[in-house]
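J.: after the sequence you'll find the predicted model.
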Amino acid sequence: MKALSQNGNNKPVGVLNKMINLNPRNGIRRYRVFARLLIPYLAFLLLAIIIGAAIYEKTIALIDSQVTTNQIRVLEQSKEILERRLEELSSISLQLANDTRIIQLQAVTDPFAGKNTYRVLDTNKNLYDYKLYNNFIYNYYIFFKNSKLVLTPGGVYPIDQFFGNIAQFSKPDLDQWMKLISGAYVSHKMLPAQKVTMKDAAHTMLTYIQSLGSPGTTQGMIAIMIDQKQIQALFQGLGIADNGWAYIMDEQGQIVSTLSSNAPPLEVELGSLQKDTGFIKQSLPSGEVMIAYTKSFYNGWIYVVGQPASIVLEKVRYIQKIMFVSALIFLGLGIFIAYILAYRNSKPLRNLLYNNDKLKAEIEQQVPLLRAAYLQRLLSGQFDTIGDSEALFKHIGMTWQGRSCRVVLVQLRGFVNSLAGDLPEEPDAKRVLAKEILREIIEPEGFVCDIAEDQFAVLLGHSAEQPESEPDRQAIEWKLQSAKESMNTQLKLIAVFGIGAPCGSLAEISRSYEQAREALNMLLWKGEYDYAWFEELPTDRNNYYFPQDTETRLIHMAKAGDSAQVALTLDTLYEENFERRHLPLAAIHLFLSDMWGSLMKLLPQIELDQQEVYQRIRALSSETDSHKSRLRSYQAIRSTYLWACDRVNEHKKSQNVQLVASILEMLQNTYHHSELCLDAVADRFGITKVYLSQFFKEQLGINFSEYLENLRMDKAKKLLQSTPLTIQEIAEHVGYSSSNTFCRAFKRLHGISATSYKKM
């Protein structure tokens, strides 16, 4: 009836379509439809442009930040190398100051009197030439206050001859040097770079000085000469372009060394360099300059590099041009595509509507098939766990919460005796119509599914808040009677109903189905065409209750380790066979043998030893044949099933423990690989990364990424404490491809930079 009415409604639609095609104003309407379809495309395109512009701004800012960050990173690395070189100078100066020969010469006033000459020559002979292995040192000189003598590897000079012929400083002069040598005690001091003529060759030198003696009793000074070119070589990675410059300043703003050959006078104010490391833009007479700087915790020096903004951001400007041209191209292409799509979609929409309705109809046709397949599996007890059945129950649009249920099995009789002249393929047509009659009467309180060509199963729902009452049973009888009368009147068919006992969960539906089949078979055997309630069947004292479907479901649940459902099913079998049916001992013996047989089918499937079950059978078979012995035998079966469930669950737990151990072992062995991540570990163990993430969190109580980061940081701290490796080398050793990423992570976790931690 519904199908006929729907087909009848299609005719006016076809007439309407013909009227539209003949209307002279269709051209204007088509343009209106075109415009209405074009506007959303243009709006979407505008939205994409706005989002693209925002992304563009973020990208430019990110590139700008990346350029400056890279420059600071290079500056930091060069600074760390220079500080290590200065530490070497400090070690050398302390080694010389503590040399016994040099200490003995400090008190000598006449170096060429008596044995003093030998002491001077012996001390000079034993001076080690450090520049042979340290190219950072040009040379070093030892000034003695009392003897006015200068020692250097391979040479001994009076002070006036040394400053007159060997080394000529632009400043300080001889008098100022003498004041330094005999003045206040100085330790680890660096004199700024200055012009020095060493043996007729001009150099720009930095001088590292260390006083001899002790504070208050200065006996001389050690001066280590450093060629400024060696320091400039350390900072070549800055890539200072034309008009760029770089300096090293002390805490007072005095230039210690220039790092570029064409450096102009320094114009940066110390007050603008507030942070330990930073990047600022400053307008100087030469133009806008981008200044990167970092401060040293070792000696308080400030490393400053400045370059014109136009040169630093040259790459950014180039990317800006590319993105701007690309945006214009895609904008034009997007408008063209929007025009084409709007033009194509502006055609009459009846085909689209027709296809849409057709698609919906096909989807709706699939839902009954899914429900029928699900209900057939549910009735036969093919679900391993109650969770699986409930999840699929919701997935196909059915709800179970707060319900109890009865299964009604319907048998149709009378196909052969139907009157002639009915619909073609009469049995099939009658069967479909009979199912529709059942659905109209049963739904929405229940569901109908096919069992055989002449059988249907009906799931009748009932609120679980109150137990089923007599009026509820009368309502079920009324519905079944109405369906029976409608089938008889309209289709000349007779319906027979077998009604199972109520069940409170999805796992018990198969039991209710078996009970409904038992009630139906009793009616058919008696030749009665009515309905029968399972609760009203006479007690069978000859046959035990253990249907094949129940056995299959019991084995499935035990294999899944669902001990609660296994116990519930076994208790139901006990109630049915030991309490309700009052079976003789011979029937109980057959029932228990069948139960032991099901256990023997289960154990090989879960790879458990069958010897224990054999021992229990032998022990119980030797007992006297009594009702108590049969009860003990059933309790043994029950405990064996639960024992099997426990073994299955223990096996699952042991697999989890083994998997956790394997994952942790892999992380311990491969943490230094930079490509190590969640995806790599998941691929290694053949599981999905989503499952691995959830499994790792459940088993260890910490996220995978947090665990890996903590592991790498623990290894990094040990390397920082016990090795002379650089920060970059340590970052690579613990699996970081970038030292910048490593330093940020280290400071975030420990509240202190990796450099500071290493110095501490």
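T.: Cool, got the structure.
J.: could you chop this protein up by domain?
T.: Split into domains by automatic domain parsing, the chain comes to 73-310, 363-536, 548-652, 671-759.
J.: lowest mean pLDDT across these, which one is that?
T.: Lowest mean pLDDT within the domains of the chain: domain 363-536, a mean of 74.
J.: correct me if wrong: residue 409 contacts residue 498.
T.: Yes: using Cβ atoms under 8 Å, residue 409 is in contact with residue 498, at 4.4 Å. From N, CA and C alone the C-beta is placed, and that goes for glycine too.
J.: find the residues that touch each one of those two.
T.: Shared contacts of residue 409 and residue 498, defined by Cβ atoms under 8 Å, 6 or more residues apart in numbering, are found at 516-517, 519-520.
J.: for the domains of the chain, give me a markdown table that also has distance to residue 665.
T.: Formatted as a markdown table, those follow (distance: least, Cβ to Cβ, whole Å):
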| stretch | distance to residue 665 |
| --- | --- |
| domain 73-310 | 35 |
| domain 363-536 | 32 |
| domain 548-652 | 21 |
| domain 671-759 | 11 |
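J.: ok, which stretches of the stretch 251-400 of the chain are strands?
T.: All strands of the stretch 251-400 of the chain, identified by DSSP state E, counting those that start in this stretch, fall at 255-258, 277-284, 287-295, 302-308.
J.: what about the helices in the stretch 251-400 of the chain?
T.: For the stretch 251-400 of the chain, the helices defined by DSSP state H, counting those that start in this stretch cover 309-312, 314-345, 350-380, 386-395.
J.: ugh, wrong one, the stretch 451-600 of the chain
T.: Taking DSSP H, counting those that start in this stretch as the test, the helices found in the stretch 451-600 of the chain are 470-491, 509-526, 548-559, 563-574, 585-605.
J.: any idea which helix or strand comes after the longest helix along the chain?
T.: Secondary structure of the chain per DSSP state H: the longest helix is helix 26-97. Per DSSP states H and E, the first helix or strand lying C-terminal to helix 26-97 is helix 100-105.
J.: that following helix: which residues count as buried?
T.: Buried residues in helix 100-105, counted by 16 or more other Cβ atoms under 10 Å: 102, 105.
J.: what's that helix packed up against?
T.: helix 116-125 (3 or more Cβ pairs under 8 Å, 6 or more residues apart in numbering; DSSP states H and E).
J.: and the angle from the helix or strand following the helix it packs on to helix 116-125?
T.: Of the helices and strands lying after helix 116-125 in sequence (DSSP H and E), the nearest is strand 139-144. Relative orientation of strand 139-144 and helix 116-125, computed by axes from the mean of the first three to the mean of the last three Cα atoms, to 10 degrees: 150 degrees.
J.: what is the subsequent helix or strand relative to strand 139-144?
T.: The C-terminal neighbour of strand 139-144 among helices and strands, as given by DSSP H and E, is strand 149-152.
J.: contacts for the following helix or strand past that next one, please.
T.: Going down the chain from strand 149-152, the next helix or strand is strand 155-158, by DSSP H and E. Contacts to strand 155-158, defined as Cβ under 8 Å, 6+ apart, come from residues 120-121, 124, 148-150, 166.
J.: just name the most buried of the strands of the stretch 251-400 of the chain.
T.: Most buried of the strands of the stretch 251-400 of the chain, by mean neighbour count (mean count of other Cβ atoms under 10 Å): strand 302-308, with a mean of 23.
J.: and that one, what does it pack onto?
T.: On a contact count with 3+ Cβ pairs under 8 Å, 6+ apart, strand 302-308 meets helix 26-97, strand 245-249, strand 287-295.
J.: any chance of the strands of the stretch 251-400 of the chain in TSV, plus distance to residue 190?
T.: Compiled in TSV, these are given as follows (distance: least, Cβ to Cβ, whole Å):
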stretch	distance to residue 190
strand 255-258	6
strand 277-284	22
strand 287-295	16
strand 302-308	13
